[in-house]
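*Asks:* Here's my sequence, what's the structure:
(one chain, ligands or ions: 1)
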Amino acid sequence: MPELPEVETVRRGLQPDFEGARILKLECRRPDLRFPFPERFVERLEGRIVTALSRRAKYLLADLDSGEVLVMHLGMSGSFRVEQQADSFLPGDFTHARSRDEKHDHVVFHLSAPGSQGPEAASRIVYNDPRRFGFMQLVARSGLSSHPLFAAMGIEPLGNALNADLLDRLFAGKSAPLKAALLDQRLIAGLGNIYVCEALWRSGLSPERAAGDITGPGKARVAARERLAAAIRKVLEEAIAAGGSTLRDHAQTDGTLGYFQHSFAVYGREGEPCRTEGCKGTVLRLVQSGRSTFHCAKCQR
Ligand SMILES: [Zn+2]
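*Replies:* The predicted structure follows:
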């Protein structure tokens, strides 16, 4: 399942072709994905200019010049790929030889070159989703923040909003374990299991410690919050950088690329030595709220 860094990687991969482009034609090949497509979906998109492509948690948001926002979620297996019009002139383009099954191409955006007024398509952005847990919705920009998908959503973990002071406010009085508090989407939006495990390991904090235990005054508590906030941002930024380079190597936008597997310090490493310098501990796995937590009991306190 794509996590936040993968979605951000996809966003960055699509941005150059999507932003400023006009949707000349939309092929919608099914009535539904996880949910039905919006009413008059094709009509509401064709002819519109995508004025911005942003992200909120794991949702991609394409702002349209009609005042609506195309909200897109990749679900479990959704991916986008960009096909430049010029590609069709390259015989045997290797990027197309990947396990791309066209029967799962559900939505195709035919786009003008960004800023161009002409009628020629410069690229096609294809949404492929074998399991169809993804979805697309159209929401008025003015009602986006109060929309049920976003109304209860916590803050973005990337960017300046997430800092020690904010963690202090979010976690004050909370007896839930740090692991559960960090996965709570109403507090911080879009943080997934892998990155929570990695961030806790980096900050030397036990996933079982009560979230409220790192709030309030006291040098050690402030330091713990600062380490945690920095670790969350760092682990996500590194994952995006890794995904970005994968993306460039393949010259294609594909949600199945960009996982940060090679660099996990604890995730999936049960029984292996802890990588904290000087720590002779072993990575352990425990189950919290039905999900695996990987941690080192020796250096995570
Ligand atoms: Zn350790």
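*Asks:* Tell me how many other residues crowd E156.
*Replies:* A total of 18 residues lie near E156 under the criterion other Cβ atoms under 10 Å. (C-beta placed from N, C-alpha, C; glycine too.)
*Asks:* what residues are up against the closest residue in space to it that isn't next to it in sequence?
*Replies:* Closest residue to E156 apart from its sequence neighbours, by Cβ to Cβ, 6 or more residues apart in numbering: A189 at 6.2 Å. By Cβ atoms under 8 Å, 6 or more residues apart in numbering, the residues touching A189 are 56-57, 153-157.
*Asks:* Also D105?
*Replies:* D105 touches 29, 126-128, counting by Cβ under 8 Å, 6+ apart.
*Asks:* Return the closest of the residues you listed with respect to the ion.
*Replies:* N128 (40.5 Å; Cβ to the ion).
*Asks:* how about the closest one, what does it touch?
*Replies:* Counting by Cβ under 8 Å, 6+ apart, the residues that N128 touches are 78-81, 100-101, 104-106.
*Asks:* Of these, just say which sits nearest to S206.
*Replies:* Distance to S206 across these (Cβ to Cβ) is lowest for G78, with 34.8 Å.
*Asks:* give me phi/psi at the closest residue to the closest one other than its chain neighbours?
*Replies:* Excluding its sequence neighbours, the residue lying closest to G78 (Cβ to Cβ, 6+ apart) is G134, at 3.5 Å. Note on G134: its backbone torsions stand at phi -80, psi 170 [degrees, to the nearest 10].
*Asks:* Contact partners for G134?
*Replies:* Counting by Cβ under 8 Å, 6+ apart, the residues that G134 touches are 33-34, 72-78, 127.
*Asks:* Buried among those? Make that a ChimeraX selection.
*Replies:* Command for ChimeraX that selects the buried part of these, burial taken from 16 or more other Cβ atoms under 10 Å:
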select :33,72,73,74,75,77,78,127
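*Asks:* Point out the other helices and strands that the strand or helix carrying A62 packs with.
*Replies:* Secondary structure assigned from DSSP states H and E places A62 in strand 59-64. Counting contacts by 3 or more Cβ pairs under 8 Å, 6 or more residues apart in numbering; DSSP states H and E, strand 59-64 packs against helix 4-18, strand 50-56, strand 68-73.
*Asks:* Quick check: which of the ones you listed is nearest to the ion?
*Replies:* Using Cβ to the ion, the helices and strands packed on strand 59-64 put helix 4-18 closest to the ion, at 23.9 Å.
*Asks:* Which SSE is immediately downstream of the closest one?
*Replies:* strand 23-28.
*Asks:* CA-only coordinates of the following helix or strand past that next one in PDB, if you can.
*Replies:* Following strand 23-28 in sequence order, the next helix or strand is helix 41-45 (DSSP H and E). This file holds the C-alpha atoms of helix 41-45, laid out as PDB (Å, rounded to 0.1, in the frame of the first residue of the first chain):
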ATOM      1  CA  PHE A  41     -17.200  13.000 -14.300                       C
ATOM      2  CA  VAL A  42     -16.000  13.300 -17.800                       C
ATOM      3  CA  GLU A  43     -18.000  16.500 -18.500                       C
ATOM      4  CA  ARG A  44     -16.700  18.200 -15.400                       C
ATOM      5  CA  LEU A  45     -13.100  17.400 -16.200                       C
END
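*Asks:* Thank you kindly, that will do.
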